[in-house]
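> sequence first, then the predicted structure:
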Amino acid sequence: MVANKFDYKRSIICGLGLYALGAALFYPAAATQIYALFLGALLIIGLGLAFLETSVSPYLIRFGPAETAARRINFAAVWNPCGSLAGIFGGRVLVFSGVEWTSCSCPEVELNAQSCGLFVHLGEKSAPPCAEGSVEAGCFVTPGSSPGQETAAVRACDISEVEEWRAEAAMATQLPYMIVAASVALSAVLVWQTVFPQYADPDAADAVGASQQSFSVQATAWVSTTRRLLAVKRFRNGVLAQFMYVGGQVGTWSYLIQYVQANVPDTSEKTGADHVFWSLVMLTLGRAASTVLLRWTSDCQLMLYYGVINIALCLVGVLVGGSVGTMALVVTSFFMSLMFPTIFTIAIRGLNKEETQLGSSLIVMSIIGGAVLTPCMGLLADHVGISWAYIVPMVAFVAVTAYAKAELEGSGAAPADAGQELIGLEERS
């Protein structure tokens, strides 16, 4: 709505402003330890990110020759993981303490740590008791600092120590999120002061007239546009492919620490976070490599190859496990790198400005796949083990590969023309 009524620049500024506000709200949320405030802060951050996704990507796609749109958006996406890498590093250093708590008693942990949700190798079984007169409220465990380290410190704790540990964990989020809020706010100021280049848009006059219509008239137009979009096979399948891709990506990363802890003995959450860090490094390298490779091959062709490779890597993670399986799952991020921006580009290819703006919103809404497929992985992990749960991302990559193959066979790898001219809707079913 903002991009349609005003322009992409103001929509981007709105997104950055919401992002900064949500990050700043972590300060009072941590101080009060009210869970609802944390959820509210995350919701506002999500709203800001939705603004950015629906504004930046369409602007990059429409500003320049249509046949190089995939390269532009992949090049821009190279920088996304850089922020994620900084976040992982900051979380590891500033948030994770390395101390884990379990409601199990220390004798239960010493008897079978894995049954208490801990994947550690204990050394001497001599957990010091609570202070005299205190009632035990679980056990603190400090795993070895690196895989293969022999000892894991264990000590009993009372309720006051547990509350203190929780308070410290909450307060640890204040500094990193205030840094994020300040950085994003600065970015908003820089965008506000930057003059955005304009492109020739044959729909500009219609867009200005539409922005001045009443809400009811605009709502009717949105419904009509949505129907036209869903009649486009390429767009409709693209939304489904994005749904599956995001579900696969979120699931792969969300359960990676648990996968490592289950497959590599004596791995703490802090050490497991290193594998997420390296996954993001692989994502960054993959996007850089894809930007170069797209000079010599089509976006559909490259995504097809990447999808097949990721299916194989997920199978290794499921069937082999251990360090080899862990490495395979980390490497999937390299081949995931192309998928989100390329599916986005292909799905809205051939749409006019109004359809692009609404279509972009619908594609961004498809990231709900991360909230649908991830619980499916959790369900499988509970019943058949964390390794077999990675069947879900494998199925997601099968769907992405099928979309790339269908578009390649339907000559969807390149638009009908180049430059700023807009092509009509096609592949209606």
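That came through, no problem.
> now residue 320: phi and psi?
For residue 320, the backbone dihedrals (degrees, to the nearest 10) come out as phi -100, psi -50.
> quick one: average confidence on the longest helix along the chain?
Ranked by residue count under DSSP state H, the longest helix found in the chain is helix 35-62. Per-residue pLDDT over helix 35-62 has a mean of 82.
> and for the nearest residue to residue 309 once chain neighbours are set aside, the neighbour number?
Closest residue to residue 309 apart from its sequence neighbours, by Cβ to Cβ, 6 or more residues apart in numbering: residue 335 at 5.0 Å. Any C-beta I mention is one placed from the backbone N, CA and C, and that applies to glycine too. By other Cβ atoms under 10 Å, 25 other residues sit near residue 335.
> does residue 335 touch residue 311 like I think?
No. The pair residue 335 / residue 311 is not scored as a contact, 9.7 Å apart, by Cβ atoms under 8 Å.
> check contacts around the residue nearest to residue 309.
286, 306-307, 309-310, 313 (Cβ atoms under 8 Å, 6 or more residues apart in numbering).
> and residue 181, by the same measure?
So residue 181 contacts 20-21, 23-24, 26 (Cβ under 8 Å, 6+ apart).
> for it, give me the pLDDT.
91.
> same check on the one 5 residues further on?
In the prediction, the pLDDT value recorded for residue 186 is 93.
> please apply the same query to the one 3 residues further on.
Residue 189 is assigned a predicted lDDT (pLDDT) of 91.
> dump the helix or strand where it lies to PDB, restricted to CA.
Remark: residue 189 resides in helix 174-193, with elements defined by DSSP states H and E. Only the C-alpha atoms of helix 174-193 are listed here, as PDB (Å, rounded to 0.1, in the frame of the first residue of the first chain):
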ATOM      1  CA  GLN A 174      19.900  -5.700  25.500                       C
ATOM      2  CA  LEU A 175      23.300  -4.600  24.100                       C
ATOM      3  CA  PRO A 176      23.200  -6.500  20.800                       C
ATOM      4  CA  TYR A 177      19.600  -5.400  20.000                       C
ATOM      5  CA  MET A 178      20.400  -1.700  20.800                       C
ATOM      6  CA  ILE A 179      23.400  -1.900  18.400                       C
ATOM      7  CA  VAL A 180      21.000  -3.300  15.800                       C
ATOM      8  CA  ALA A 181      18.400  -0.600  16.400                       C
ATOM      9  CA  ALA A 182      21.100   2.200  16.100                       C
ATOM     10  CA  SER A 183      22.500   0.600  12.900                       C
ATOM     11  CA  VAL A 184      19.100   0.300  11.200                       C
ATOM     12  CA  ALA A 185      18.100   3.800  12.300                       C
ATOM     13  CA  LEU A 186      21.300   5.100  10.700                       C
ATOM     14  CA  SER A 187      20.500   3.200   7.500                       C
ATOM     15  CA  ALA A 188      17.000   4.800   7.400                       C
ATOM     16  CA  VAL A 189      18.600   8.300   7.600                       C
ATOM     17  CA  LEU A 190      21.100   7.400   4.800                       C
ATOM     18  CA  VAL A 191      18.200   6.100   2.600                       C
ATOM     19  CA  TRP A 192      16.200   9.300   3.300                       C
ATOM     20  CA  GLN A 193      19.100  11.500   2.200                       C
END
